[in-house]
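1. structure for the following, please:
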Amino acid sequence: MVFAERQLRAALTVLALSGLTLTTLQGTAGAADAPTPTATAPVTAATSPVASIEKATARALARSLAEPAWHKQVAKAALADEEVDLLALTAKSAAKPAEGLRRTLVAAETDIAEAKGLAGTDAGSLLRVRLTGKPVSEPALTSTAPLVASAPADDDADVVIAYDTAGNAHQLDAHKAPERPVYVVGVDGQKALAAGLEVIDKELAAQGLGTPSARKTGPSSAGAAGPASAGSTGFWTTRITSIRAADLKEPWFKGDAEVFALVTGFGTDGKVRVDTVTMPYLDEEDTTYYPGQILVNWSNYKYNLADAVLMEDDGDTNYSSLAKALAAALLTITDQGAYIPLVDAIIDAMPASWWTDDADYVDSFYTLARETTGSRTGASANARMTVERYYVSAL
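-> Numbering: from 1, shown residues only. Now for the predicted structure:
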């Protein structure tokens, strides 16, 4: 990837997770199908702390599945739910391998919280396992030699490493979903993001750069009353009536996309403001959704223009460290008396150490005005949405 593109995506990631005022408006495989063991896993990207923890957890889980009864419990849970809380699952099991795995998970959860800057929060357990590959029955799943993988640090990796019950590493094609069932270990991205935004809110508030506020997510925020600062006479908003993305940049080993939008502008106090809008429904590409969701609350902004950016979070950010760096960088950005594009200002302000690949850029919608209505195509022609003006009346 070109370095400049990495810079843009990194800066947008920073925006999405920060801002001076963050407010959310919201089949059994036969012997011929078995992958070939490899002695060592190829290095495809710089290893991240979170990816390292996920990898170690995947290998520990794979070894534990050598015990048939425990494997059956894991298989049943994975078939019943899209994502399974590993720590909770081991707590419910009397199997000896589950007991040993639980000790590993307790330490891993502590390490995950530290790596993501969530230590001391009420985020709870974050490590999950899900089943991918072609649909399979429970008997077929439990009779198949299990493989457990974790996502590589780089979405552009060519291979995904999976482990068998002996701890041997196998290479899977990163560009094509596996034919056989594979367990994938990862972090609950939505849960981590929610906890991380709270960490950033508190840190920025301590620096005098924002006040923590209640968060609303998803379509349910469409007709809700806005923040207390909106006043008692109601306010105008821009609402999404339909939205569609052609490519959500999410490979099979990452599961469903975790998309959020960010709206940038200057707040009524003249300070930089970023409002994040979670979009948990937008998890499939080439699918049109009709959320009726508020994107921009114009009572929060000084000018009649704002930019909106869609991102898909990859979840390797240390929220506490990020908040401290943002506070130092964004304090230098001031209102010049006219609307300016904040993306450029933040790219210039952020230190080079933050040019990482933590999230995927989906698309941008620039210069949305309060009067904007109808269909808009994003700057990258990857997403398209229809918006309307929507007035939220006071109670």
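2. show me where pLDDT drops low in the stretch 51-200 of the chain?
-> Scanning the stretch 51-200 of the chain for pLDDT under 70 picks out 155.
3. how about the helices in it?
-> Taking DSSP state H, counting those that start in this stretch as the test, the helices found in the stretch 51-200 of the chain are 68-80, 86-92, 96-115, 138-142, 189-206.
4. okay, those, which one's buried deepest?
-> Of all the helices of the stretch 51-200 of the chain, helix 189-206 has the most neighbours on average by mean count of other C-beta atoms under 10 Å, namely a mean of 20. Bear in mind the C-beta positions are built from the backbone N, C-alpha and C, glycine included.
5. who does the following helix or strand past it touch, helix- and strand-wise?
-> Later in the chain than helix 189-206, the nearest helix or strand by DSSP states H and E is strand 235-245. Applying 3 or more C-beta pairs under 8 Å, 6 or more residues apart in numbering; DSSP states H and E, one finds that strand 235-245 contacts strand 293-297, strand 359-369, strand 383-392.
6. quick one: contacts of strand 235-245?
-> 222, 226, 259, 279, 282, 285-299, 310, 362-363, 368, 370, 372, 382-392 (C-beta atoms under 8 Å, 6 or more residues apart in numbering).
7. can you rerun that using 7 Å?
-> The contact list for strand 235-245 (C-beta atoms under 7 Å, 6 or more residues apart in numbering) reads 222, 226, 282, 285, 287-299, 362, 368, 370, 372, 382-392.
8. Leu79 and Glu138 touch, don't they?
-> Yes. The criterion here is C-beta atoms under 7 Å, and Leu79 meets it with Glu138 at 5.8 Å.
9. what strand or helix carries Asp275?
-> For Asp275, the secondary-structure element it belongs to, assigned by DSSP H and E, is strand 272-279.
10. got the angle for that strand vs strand 359-369?
-> 110 degrees (axes from the mean of the first three to the mean of the last three C-alpha atoms, to 10 degrees).
11. what's strand 272-279 packed up against?
-> strand 259-266 (3 or more C-beta pairs under 7 Å, 6 or more residues apart in numbering; DSSP states H and E).
12. packing partners of the strand it packs on?
-> helix 3-16, strand 272-279, strand 293-297, strand 305-313.
13. dump the helices of the stretch 51-200 of the chain to CSV, plus distance to Thr132.
-> Shown next, in CSV, are those (distance: least, C-beta to C-beta, whole Å):
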stretch, distance to Thr132
helix 68-80, 10
helix 86-92, 16
helix 96-115, 20
helix 138-142, 12
helix 189-206, 16
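14. relative to Val50, which of those is closest?
-> helix 96-115 (5.3 Å; C-beta to C-beta).
15. would you mind giving the orientation angle of that closest one with respect to helix 189-206?
-> Going by the same axes, to 10 degrees, helix 96-115 makes 30 degrees with helix 189-206.
16. restrict helix 96-115 to CA atoms and write it as CSV.
-> Provided in CSV are the C-alpha atoms of helix 96-115 (Å, rounded to 0.1, in the frame of the first residue of the first chain):
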residue,chain,number,x,y,z
LYS,A,96,-10.3,-30.7,32.4
PRO,A,97,-9.0,-29.0,29.2
ALA,A,98,-11.5,-26.2,29.8
GLU,A,99,-10.0,-25.7,33.3
GLY,A,100,-6.5,-25.3,31.9
LEU,A,101,-7.7,-23.1,29.1
ARG,A,102,-9.5,-20.8,31.5
ARG,A,103,-6.3,-20.1,33.3
THR,A,104,-4.7,-19.1,30.0
LEU,A,105,-7.7,-16.9,29.1
VAL,A,106,-7.7,-15.0,32.4
ALA,A,107,-4.1,-13.9,31.7
ALA,A,108,-4.9,-13.2,28.0
GLU,A,109,-7.9,-11.0,28.9
THR,A,110,-5.7,-9.0,31.2
ASP,A,111,-3.1,-8.6,28.4
ILE,A,112,-5.8,-7.6,25.9
ALA,A,113,-7.1,-4.9,28.2
GLU,A,114,-3.6,-3.5,28.7
ALA,A,115,-2.8,-3.6,25.0
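17. what does it contact?
-> By C-beta under 7 Å, 6+ apart, helix 96-115 touches 49-50, 53, 56-57, 60-61, 64, 67, 70, 86-87, 90-91, 119, 123, 125-127, 187, 318.
18. if any of the residues you listed are buried, give me the PyMOL selection for them.
-> To isolate the buried members of those in PyMOL, using 16 or more other C-beta atoms under 10 Å:
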select buried, resi 50+53+56+57+60+61+64+70+86+87+90+123+125+126+127+187+318
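19. ok, back up a step: show me just the buried residues among the contacts of strand 235-245.
-> 222, 226, 282, 285, 289, 291-299, 362, 368, 372, 382-387, 390, 392.
20. next, the buried residues of stretch 278-285.
-> Under 16+ other C-beta under 10 Å, the buried positions of stretch 278-285 are 278-283, 285.
21. an error on my part: the question was meant for stretch 176-183.
-> 178, 180-183.
22. and for stretch 161-175?
-> 161-165, 169-172, 174.
23. so which of those residues are in strands?
-> 161-163, 169-172 (DSSP state E).
24. circling back to that earlier point, which stretch in the helices and strands packed on strand 259-266 has the least confidence?
-> Lowest mean pLDDT within those: helix 3-16, a mean of 42.
25. re earlier: so which of the buried residues of stretch 176-183 is the closest to Thr268?
-> Distances from Thr268 to the buried residues of stretch 176-183, taken as C-beta to C-beta, are shortest for Tyr183 (49.3 Å).
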